[in-house]
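Trainee: Let's see this in three dimensions:
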Amino acid sequence: MPSDQSTWLIAVPQDGDSESLLPEITNKLPQHTRLAELGIPSFKTGTLDSLIALSEELPKQDAFFTATVAKIVDTLRNLLNNDPTKLVQHVLVNELSADDYVLGGWKWNDSRYGVQRSLREMVDVLNKEMASIDNVMKAKLNNYNLVKGSLVQMQRKKTGNLSVRSLVGLVSKDDIIQDSEYLETCLVAVPKILVKEWNLKYERLTNMVVPRSSSYVPSTPLRKGLYTPKRPIASDSEYTLFGVVIFKRVHDEFIQKCRENKFIVRDFIYSEEQIAKEGEDLDVADTTEKELWTELLRLSRTYFSESFQIFLHLKILRLFVESVLRYGLPANYVGLAIRPESKYTKKTLSVLTNHLSYLRPRSSSRAQTHSTADEFAGEYQSLMEQEFFDFVLYEVPWIVL
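Mentor: Modelled structure (predicted):
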């Protein structure tokens, strides 16, 4: 059963029975089902062996082409934050929706893929073009993701809680002791529920902790013996950041004691140059990310159009190859593109099956080949996996917005 989320491409021999095919089927199909003729050129058929080889190979190429188109759509969706109103503006094929491109009287691009070439040459050209698109997209997307990841990491340092975030911009020059031979300021993130415990314990965590260096400022007496209470350096919903002055010789011991008491010592060296550098790095990363986002969006839009066209041309080649193997010569076939209404998928298939039942005798030999293929060392294995109809049918998945 063909999918109810795809457009069906079918092919039948071009003979007397097919002349009025389009209007007759149109009258029988459920309402709102879209139907259009699909131009299938008369390619060079080549040898039977070459056709069988292509019939085996084309499903693999089809899967690769389908995956490449899908990855480009996913890239666009991610770039546009999964906004369907924006996505619909970018998943265009020659400025048409994918449906309108397929169902708008599609014709083979002879100027780009001249039918004077052999089937093998055209398949190779299509595959080379799609592989090139896939490689460029992978490289561009990887480059963008690296820059985006770096930017997110920088931004996370600015937005996390005080136990992890960057302290640049929070700690001022006046908050720490610099250029002292014996003393240093340790910055400690204390869980809010442990602030009272910190104030009671910090002076006795180790020897050589400067008294009142976290809760009072010794250098600013109001009058003899009294000091101004010192506020925390910073605070958020989870942690309070304190500075405490210790002797350098007890640095490691003090850190260990803090860990034992669930106080988090933050590594930080005050540097005007570092502050400026982090600000510049963030600005550069932000600017670079925006530029690469714009470039990747433009490239994805362009390559969606290109890849979808290549993808559809490969589908037409599959229709032709299978039609020759099934119906034989002359290699003249009528193609139809049908977009069924999802709730009428079974009825649409029933109409096609009944209307094209006249093809059954011509398809029977091919069906027999399918049923006995296991005798030939897997030569027709991929064909056996396909659902068999009296007419040739392949599907183009819908672009889900």
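Trainee: At which residues are the helices of this structure located?
Mentor: Taking DSSP state H as the test, the helices found in the chain are 21-28, 48-79, 84-87, 98-103, 119-159, 195-201, 251-260, 272-327, 345-355, 360-371, 381-384.
Trainee: could you say what helices and strands the first one packs with?
Mentor: Read that as helix 21-28. Secondary-structure packing of helix 21-28 (3 or more C-beta pairs under 8 Å, 6 or more residues apart in numbering; DSSP states H and E): strand 34-38, strand 333-339, helix 345-355. C-betas here are computed from N, CA, C, even on glycine.
Trainee: quick revisit: for the helices of the chain, which one sits closest to Trp8?
Mentor: Checking those against Trp8 by C-beta to C-beta gives helix 345-355 as the closest, at 8.1 Å.
Trainee: quick revisit: so can I have TSV of the helices of the chain showing distance to Asp390, mean pLDDT and mean neighbour count?
Mentor: TSV is the format used below for the helices of the chain (distance: least, C-beta to C-beta, whole Å; pLDDT from 0 to 100; neighbours: other C-beta atoms under 10 Å):
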stretch	distance to Asp390	mean pLDDT	mean neighbour count
helix 21-28	14	84	14
helix 48-79	18	95	17
helix 84-87	38	94	13
helix 98-103	23	94	19
helix 119-159	24	93	15
helix 195-201	80	92	14
helix 251-260	76	95	16
helix 272-327	9	92	18
helix 345-355	7	89	17
helix 360-371	5	55	14
helix 381-384	16	42	15
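Trainee: so which of these gets nearest Leu9?
Mentor: Once the helices of the chain are compared by C-beta to C-beta, helix 272-327 is nearest, at 5.6 Å.
Trainee: roughly how far is that closest one from the heart of the chain?
Mentor: Relative to the centre of its chain, helix 272-327 is centred 9 Å away, using C-alpha atoms, centre = their mean, to the nearest Å.
Trainee: ditto for stretch 183-196
Mentor: From the chain centre to the centre of stretch 183-196 is a distance of 43 Å (C-alpha atoms, centre = their mean).
Trainee: Enumerate the beta-bridge partners assigned to Val334.
Mentor: Val12 (DSSP bridges).
Trainee: burial of it, as a residue count?
Mentor: 20 (other C-beta atoms under 10 Å).
Trainee: Am I right that it is in contact with Ile40?
Mentor: Yes: proximity of Val334 to Ile40 meets the contact threshold set by C-beta atoms under 8 Å, at 7.2 Å.
Trainee: who touches both of the two?
Mentor: Ala11 (C-beta atoms under 8 Å, 6 or more residues apart in numbering).
Trainee: re the thing from before, tabulate the helices of the chain (TSV), appending distance to Pro397.
Mentor: Output for the helices of the chain, formatted as TSV (distance: least, C-beta to C-beta, whole Å):
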stretch	distance to Pro397
helix 21-28	22
helix 48-79	7
helix 84-87	16
helix 98-103	10
helix 119-159	16
helix 195-201	58
helix 251-260	55
helix 272-327	10
helix 345-355	14
helix 360-371	24
helix 381-384	19
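Trainee: Out of those helices, which is closest to Met208?
Mentor: Once the helices of the chain are compared by C-beta to C-beta, helix 251-260 is nearest, at 8.5 Å.
Trainee: can you list contacts of the closest one?
Mentor: So helix 251-260 is contacted by 184, 186, 188, 205-206, 209, 246, 264-265 (C-beta under 8 Å, 6+ apart).
Trainee: Just name the closest of the residues you listed to Gly149, please.
Mentor: The closest of these, once distances to Gly149 are taken by C-beta to C-beta, is Ile264, at 25.3 Å.
Trainee: about what we covered before: compare the helices of the chain and report which one is nearest to Asn109.
Mentor: helix 272-327 (6.9 Å).
Trainee: how far off strand 333-339 does the closest one point, in degrees?
Mentor: Helix 272-327 runs at 130 degrees relative to strand 333-339, counting by axes from the mean of the first three to the mean of the last three C-alpha atoms, to 10 degrees.
Trainee: name the helices or strands packed onto helix 272-327?
Mentor: Looks like helix 272-327 contacts strand 6-13, helix 48-79, strand 92-93, helix 98-103, helix 119-159, strand 333-339, helix 360-371, strand 392-397 (3+ C-beta pairs under 8 Å, 6+ apart).
Trainee: Reformat these into CSV and put distance to Phe311 next to each item.
Mentor: Output for those, formatted as CSV (distance: least, C-beta to C-beta, whole Å):
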stretch, distance to Phe311
strand 6-13, 11
helix 48-79, 4
strand 92-93, 10
helix 98-103, 10
helix 119-159, 8
strand 333-339, 14
helix 360-371, 25
strand 392-397, 8
